[in-house]
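Asker: Just need the structure, nothing else, for what follows:
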Amino acid sequence: MSSERRRRGLMLVISSPSGAGKTTLCRKLVSDHPDLELSVSTTTRSPRPGEEDGREYHFIARARFDAMRAAGEFLEHADVHEHCYGTPKAPVMTALEAGRDVLFDIDWQGAQAIERVASADLVRVFVLPPSMKELSRRLHTRAQDSEAVIHRRLERAPGEIEHWAEYDYVLVNEDYDRTYSELVHIYRAEQLRRDRNPWIGPFVKGLLGEPLP
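Answerer: Residues are numbered from 1 along each chain as shown. This is a model prediction of the structure:
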């Protein structure tokens, strides 16, 4: 992107109940779009099988998390499923000012917190499962959690889904390819919003100042 036409970056928040498929969607969106980077949250929970520190999350002790929270270092933070999660503020603000977009794989509490402090930069997408039965199947199929944890996630899913109306867009993830295509269209359209492209005003002024041929 040339400096003459640099836009301000956006924060794309994608939320869903656990197991609805948002993490898979997020990873592909980041992989396919070089201007989009995934915000790596900090958490006090232990890594799941296959997760790496600094890739999925920054895994830290509760004492360190509490110190960061007290120092105001988080853009948002929340207690979810008996663990703490937070988004470091500094790298996100730096990216937006440089015209890069940041993707957030976070829950409704995090989305609410970001909306309170940076609503103009925010785009919110909520991903729904096609049914609760399918949600249960996906949680069991991914084999990342114990049966007790899966049960707790399913119990909490209705309460999470109730926040769907707080989002700008809602997608039902029944067919992955279709859902991903819809997500890409949302992202591209939001990039092109007039208020995210301050170069347009001066460009139009120069255009209107040109002599007619």
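Asker: what about the helices in this structure?
Answerer: 22-32, 62-70, 89-97, 108-118, 132-142, 147-161, 176-191, 200-209 (DSSP state H).
Asker: List the contacts of the first one.
Answerer: The set of residues that contact helix 22-32 without belonging to it, under C-beta atoms under 8 Å, 6 or more residues apart in numbering, is 14-16, 36-38, 103, 105, 127, 173, 176, 179-180, 183-184, 187. The way it works is simple: take the backbone N, C-alpha and C, and place the C-beta from them, glycine included.
Asker: Buried only: go through the residues you listed for me.
Answerer: Neighbour counting over the contacts of helix 22-32 (16 or more other C-beta atoms under 10 Å) leaves 14-16, 36-38, 103, 105, 127, 173, 179-180, 183, 187 as the buried ones.
Asker: Could you list which of these belong to strands?
Answerer: Among the buried ones among the contacts of helix 22-32, the ones falling in strands (DSSP state E) are 14-15, 36-38, 103, 105, 127.
Asker: from those residues, which single one is nearest Glu166?
Answerer: Lowest distance from Glu166 to these (C-beta to C-beta) belongs to Ser15, with 9.1 Å.
Asker: Figure out which of the helices of the chain is closest to Arg5.
Answerer: helix 200-209 (7.6 Å).
Asker: Pull out the buried positions in the closest one.
Answerer: Under 16+ other C-beta under 10 Å, helix 200-209 has no buried positions.
Asker: Show me what that helix is in contact with.
Answerer: In contact with helix 200-209 (C-beta under 8 Å, 6+ apart) are residues 5, 194.
Asker: From the chain's centroid, how far away is that helix?
Answerer: Distance, stretch centre to chain centre, for helix 200-209: 34 Å (C-alpha atoms, centre = their mean, to the nearest Å).
Asker: hang on, the earlier thing: could you point out which of the helices of the chain sits nearest Pro49?
Answerer: Closest among those, once you apply C-beta to C-beta, is helix 132-142, at 9.9 Å.
Asker: Turn the helices of the chain into a markdown table, columns for mean pLDDT and distance to Asp168.
Answerer: Converted to a markdown table, those look like this (pLDDT from 0 to 100; distance: least, C-beta to C-beta, whole Å):
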| stretch | mean pLDDT | distance to Asp168 |
| --- | --- | --- |
| helix 22-32 | 94 | 15 |
| helix 62-70 | 94 | 28 |
| helix 89-97 | 91 | 18 |
| helix 108-118 | 90 | 10 |
| helix 132-142 | 89 | 23 |
| helix 147-161 | 91 | 16 |
| helix 176-191 | 97 | 8 |
| helix 200-209 | 95 | 22 |
